[in-house]
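J.: Return a 3D structure for these sequence lines:
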Amino acid sequence: MALSTRPSYGALVEHAKNAFPPDLPPTAPNHLRQLTANAQRAAQMTATFKDTLLDYSRSRANADTMRMLETLARECGVHDKIKAMAQGERINATENRAVLHMALRCARGSERFPEQTKQVWAVLDCIFAFAKAVRDGKHAGATKQPLTHVVSIGIGGSYLGPEFVHEALRFDHKGNAAARGRSLRFLANVDPVDVARALEGLDPARTLVVVVSKTFTTAETMLNARTVRKWLVDGLKSDAVDEAAICRQHIVAVSADVPKAQAFGVAAENVFGFWDWVGGRYSVCSAVGMLPLSLQYGAEVMQAFLQGARDMDEHFMDAEFKANLPVLLGAVAVWNHQFLGYPVRAVLPYSQALLRFPAHIQQVSMESNGKGVASDGAPLGFASGEVIFGEPGTNGQHSFYQLIHQGRVVPCDFIGVCQSQAPVDMEGEAVSNHDELMSNFFAQPDALARGKTADELRGEGVHEHVLPHKVFKGDRPSVSLLLPRLDAEHIGQLLALYEDHVAVQGFFMGVNSFDQWGVELGKVLATAVRGELSARRKQANNNKTPKIEGSFVPSTKAMLERYLAAAQ
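T.: Numbers count the residues shown, from 1 in each chain. A predicted model of the protein is given here:
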């Protein structure tokens, strides 16, 4: 059943229209300039989990809004759906699968997902043992040199999440110490330039390749894998070292298809499995992320990461609406895009270590909730999902903040960290470098909420002809998330918080957040183009003028012929 069919839906539509219409004057009681001045409201619209704070008081919402959203959550069965997911029910109906990514971070012997937890820890134990062998030099390359460089080949969920975690851990004190002397790179794009970037400066003798593909058939991943395998063989093959030895020592896999991985040259014991109850974009805590990240950072750091994610999941499953961070984030997001009509959201981490976090959440959110029908196949009757984008502060301030302050309204998630991973405090400077960063983290949400009036500008002596250009209407919503530090545990918490709140949005809207049929059609058409290109290349090699004959639309035919002609 879709969101728009729920009893409270109409009341919330009217509430949004009457209490929070667009273009409220700054003196209106429900303008954020007035709402944010209320200390009691500010205290009520915060929630904490351990030492992490969520402040949603700069949302265009009030106590009535939150009560109505809580009622809507009951009508949509949000808590029941969380419970069903936690009990392993097959809530991914189109693929008849359970959704058990939370089982990936359960403690050993957990009673919540006993069978899945047993499977997960069997793989984790193998990952940690293999990572230790590589890091200790016991599993060396074909020429007996230690493997200090890792290239992880995968695309989409096999790459975005692990890369986010890697970048977040690089300058954490423990992560940095554990990774000393090692490097980790990711190869995703089938563009050969990405191959060149991933391999630049690496020594094949010291490089271990991780191929991440559930079926070992993903076109982009397997072409990249074959390209890198050739690079390894070309660089290492000799009378003393054959291709089989190179593949055995330098290539490992994350896959559910052991025979295909073996056919590629991977030793059976070096294939690390995962399961169909883990969607790609939710797979960071599986072997997809844990293998390359454990090779780089070791088991201790990665177990702390799993612990953080586990703690947030427990909070998500147990906390009531008013205290539940993922549920509150999800409810506010649904309010913003379904009732206030904001289709875009910016994820703005004030931490350079989180530079890849917006890209990961972009996939988690847009692939999960960008649907046209409800879970039962009925048309939704509204546009689902949000357009997600983002950039670390303060970089974004010099890029797109002009738009979010004076152009269209874009709800923002500001993410800040109390302690820097790499503090700098120079003598003679008014504040430390991290204080300078965080000054902007605290100021920007208030600037968006409060704005600046024409009268205030006149009081500052601004000339009338410039004054309209300097007015900020304000009343632009945001939420703020403040973490104490960015270590492995809190990175795990942050990952689970956003995974869980995206699921909440889907539960509200009545969509299946765990399939992704929308990515299939383009792949099918690309297969037809690939076949046509192959045939025309062969024709050109026989000194014949290539001519496109496939069943493509005229403009595509013309572009393909131009493309082929340019390569002659």
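
J.: Could you pull out the strands in the chain for me?
T.: Listed in chain order, the strands of the chain (DSSP state E) span 46-49, 52-55, 149-153, 183-187, 207-212, 251-254, 271-272, 344-349, 387-389, 412-417, 478-483.

J.: any weak-confidence spans in the protein?
T.: 540, 542-547, 549-550, 567-568 (pLDDT under 70).

J.: Domain ranges for it, per the record?
T.: The chain breaks down by automatic domain parsing into domains covering 3-63+338-422+429-487, 101-299, 521-566.

J.: And these: which comes nearest residue 312?
T.: domain 3-63+338-422+429-487 (6.9 Å; CB to CB). Bear in mind the C-beta positions are built from the backbone N, C-alpha and C, glycine included.

J.: Let's have the strands of the chain in CSV, adding mean neighbour count and distance to residue 463.
T.: Formatted as CSV, the strands of the chain follow (neighbours: other CB atoms under 10 Å; distance: least, CB to CB, whole Å):
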stretch, mean neighbour count, distance to residue 463
strand 46-49, 16, 41
strand 52-55, 20, 37
strand 149-153, 26, 57
strand 183-187, 21, 52
strand 207-212, 27, 59
strand 251-254, 28, 63
strand 271-272, 22, 66
strand 344-349, 24, 32
strand 387-389, 18, 35
strand 412-417, 23, 31
strand 478-483, 23, 31
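
J.: mind checking which of those is nearest residue 37?
T.: Per CB to CB, nearest to residue 37 of the strands of the chain: strand 52-55, 14.8 Å.

J.: What are the contacting residues of the closest one?
T.: 42, 45-48, 325, 328-329, 479-484, 490, 493 (CB atoms under 8 Å, 6 or more residues apart in numbering).

J.: and residue 531, how many neighbours does it have?
T.: 11 (other CB atoms under 10 Å).

J.: no no, residue 522
T.: So residue 522, with other CB under 10 Å, has 9 neighbours.

J.: can you check residue 214 too?
T.: Per other CB under 10 Å, the neighbour tally for residue 214 reads 22.

J.: Nearest residue to it in space, please, no chain neighbours.
T.: residue 256 (5.0 Å; CB to CB, 6 or more residues apart in numbering).

J.: for residue 64, same thing?
T.: Going by CB to CB, 6+ apart, residue 64 has residue 15 as its nearest residue, at 6.7 Å.

J.: What of residue 61?
T.: Using CB to CB, 6+ apart, the closest residue to residue 61 is residue 335 (6.1 Å).

J.: cool, and residue 159?
T.: Nearest to residue 159 is residue 188, by CB to CB, 6+ apart, at 4.3 Å.

J.: where does the residue nearest to residue 64 sit relative to residue 21, distance-wise?
T.: From residue 15 across to residue 21, the span is 11 Å (CB to CB, to the nearest Å).

J.: do the same with residue 148
T.: Relative to residue 21, and taking CB to CB, residue 148 is found at 60 Å.

J.: Looking at the two, which one has more neighbours?
T.: More neighbours surround residue 148 than the other of residue 148 and residue 21, with 18 against 11 (other CB under 10 Å).

J.: ok, that one touching residue 179?
T.: No - the criterion here is CB atoms under 8 Å, and residue 148 misses it with residue 179 at 10.2 Å.

J.: contacting residues for the most centrally placed residue in the chain?
T.: For the chain, residue 360 is the residue whose C-alpha lies nearest the centre (CA atoms, centre = their mean; 2.0 Å). Residue 360 makes contact with 160, 161, 163, 164 under the criterion CB under 8 Å, 6+ apart.

J.: among these, which ones are buried?
T.: The neighbour-count test (16 or more other CB atoms under 10 Å) marks 160, 161, 163, 164 as buried among the contacts of residue 360.

J.: which phi and psi does the residue nearest to residue 355 when sequence neighbours are not counted have?
T.: Excluding its sequence neighbours, the residue lying closest to residue 355 (CB to CB, 6+ apart) is residue 392, at 5.0 Å. Main-chain dihedrals, residue 392, degrees, to the nearest 10: phi -60, psi 140.

J.: burial of residue 392, as a residue count?
T.: When neighbours are counted by other CB under 10 Å, residue 392 registers 19.

J.: quick one: contacts for it?
T.: Residues in contact with residue 392, defined by CB under 8 Å, 6+ apart, are 348, 349, 350, 351, 352, 354, 355.

J.: May I see those residues organised as JSON lines, with distance to residue 284 added?
T.: Shown next, in JSON lines, are the contacts of residue 392 (distance: CB to CB, whole Å):
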{"residue": "348", "distance to residue 284": "21"}
{"residue": "349", "distance to residue 284": "17"}
{"residue": "350", "distance to residue 284": "22"}
{"residue": "351", "distance to residue 284": "18"}
{"residue": "352", "distance to residue 284": "20"}
{"residue": "354", "distance to residue 284": "14"}
{"residue": "355", "distance to residue 284": "16"}
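
J.: Could you identify the pair within those residues that is furthest apart?
T.: 348 and 352 (12.3 Å).

J.: and the residue nearest to residue 425 when sequence neighbours are not counted, how far is that from residue 561?
T.: Of all residues beyond its chain neighbours, the one nearest residue 425 is residue 432 (4.1 Å), with distances taken as CB to CB, 6+ apart. To residue 561, residue 432 is 60 Å away according to CB to CB.

J.: buried set for stretch 75-85?
T.: Buried, per 16+ other CB under 10 Å, within stretch 75-85: 75, 76, 77, 78, 79, 81, 82, 84, 85.

J.: picking that back up, pick the one among the contacts of strand 52-55 closest to residue 551.
T.: Looking across these and measuring by CB to CB, the closest to residue 551 is residue 329, at 46.2 Å.

J.: Isn't the closest one up against residue 494?
T.: No - in this structure residue 329 lies outside contact range of residue 494 using CB under 8 Å: 11.4 Å.
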